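Trainee: sequence and predicted structure are below.
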Amino acid sequence: MPALPTRKTSNSKKKKRNSHSKIVFKNIIACPSCGAPKLSHHLCDSCGLYGGWDVLRKGDESEQNDDNPSS
């Protein structure tokens, strides 16, 4: 015979146990420079800016090919 609970689990005990398993919504904001949707405290995927700093340069391939200098 399998083990059975001896008492009914109250609603407060059940809700306290399941309090960590809630839905957490993503904090999506508009990028201040380009207006594209982005996650808060993350780099903008469309323009490459974070906090006014140009972190990711889009379309600049001269820096990507610096590993093999041709001179």
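Mentor: Ah, there it is. All values reported here derive from a predicted model rather than from experimental measurement.

Trainee: which residues touch the residue nearest to Cys31 when sequence neighbours are not counted?
Mentor: Nearest-residue entry for Cys31: Cys44, 4.4 Å, with adjacent residues in sequence omitted and distances by CB to CB, 6 or more residues apart in numbering. All C-beta spots, glycine's among them, are computed from the backbone N, C-alpha and C. Contacts were defined as CB atoms under 8 Å, 6 or more residues apart in numbering; by that measure Cys44 touches Cys31, Ser33, Cys34, Ala36, Lys38, Tyr50.

Trainee: mind doing that once more with 10 Å?
Mentor: Shown in contact with Cys44 (CB atoms under 10 Å, 6 or more residues apart in numbering): Ala30, Cys31, Pro32, Ser33, Cys34, Gly35, Ala36, Pro37, Lys38, Tyr50, Val55, Leu56.

Trainee: I'd assumed Leu49 was in contact with the third one.
Mentor: Put plainly, it is Pro32. Yes: the pair formed by Pro32 and Leu49 meets the contact definition of CB atoms under 10 Å, at 8.3 Å.
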